[in-house]
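Chemist: Can you look at this prediction? I've put the sequence above it.
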Amino acid sequence: MNPINSHRLLSLFLVLFLVTGCNAGFLLKKTTVRVTNEMKGATITVHCKSKNTDLGVRKLEFEGFFEFRFRPDFWGITLFFCYIRWPTDAAYFDIYVQNRDHGVCGSQCWWNITPDGPCLVHPKGAARDICYQWPSKPPGNEEGSNLMGN
């Protein structure tokens, strides 16, 4: 094959790869996110989503959990967020932010949902857990009610 034609063919494959496979998630290991209810005596309702995937509404008893798996985006922009409701309050939280979490928890990101806020369980022990305060809840909870299907 003529060297010029082989360069054109290679360029064409590269362009096709970038256009059709720009996510290139197949290059990255799947990540598992686990959400565990650590609100003693309370059942929580959790609704997690990404831009393209709705994981549905889950009710979790104390110490109950659910998991979901996905391949992080090649570009480092994967985001899953959850609306979490418990008997006395409700809040949104970004449960997986690739550029925040991937370097900390790798392919297993386990979250404990507590009254004070969500805690990312550090793989090297509880002393290294990363805990966040609950952000402000949505005004009037209208958005949250719609998100939960009410």
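Modeler: That came in fine, so what should we check first?
Chemist: ok, Glu38 touching Phe65?
Modeler: No. The criterion here is CB atoms under 8 Å, and Glu38 misses it with Phe65 at 9.6 Å. Backbone N, C-alpha and C define where each C-beta goes, glycine included.
Chemist: residues shared between the contacts of the two?
Modeler: Counting by CB atoms under 8 Å, 6 or more residues apart in numbering, Glu38 and Phe65 have no shared contacts at all.
Chemist: could you pull out the helices for this structure?
Modeler: With DSSP state H as the criterion, the chain has helices at 3-20, 98-105, 142-147.
Chemist: what comes up buried for the second one?
Modeler: Meaning helix 98-105. 98, 101-102, 105 (16 or more other CB atoms under 10 Å).
Chemist: This protein: strands as residue ranges?
Modeler: Listed in chain order, the strands of the chain (DSSP state E) span 31-37, 44-49, 54-60, 65-70, 79-86, 89-97, 108-114, 117-121, 130-131.
Chemist: In a markdown table: those strands, plus mean neighbour count and mean pLDDT.
Modeler: Putting these into a markdown table (neighbours: other CB atoms under 10 Å; pLDDT from 0 to 100) gives the following:
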| stretch | mean neighbour count | mean pLDDT |
| --- | --- | --- |
| strand 31-37 | 20 | 98 |
| strand 44-49 | 20 | 98 |
| strand 54-60 | 15 | 98 |
| strand 65-70 | 15 | 97 |
| strand 79-86 | 20 | 97 |
| strand 89-97 | 18 | 96 |
| strand 108-114 | 20 | 96 |
| strand 117-121 | 19 | 95 |
| strand 130-131 | 13 | 94 |
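Chemist: In contact with Thr32, which residues are there?
Modeler: Neighbours of Thr32 in contact, by CB under 8 Å, 6+ apart: 67-69, 107-109.
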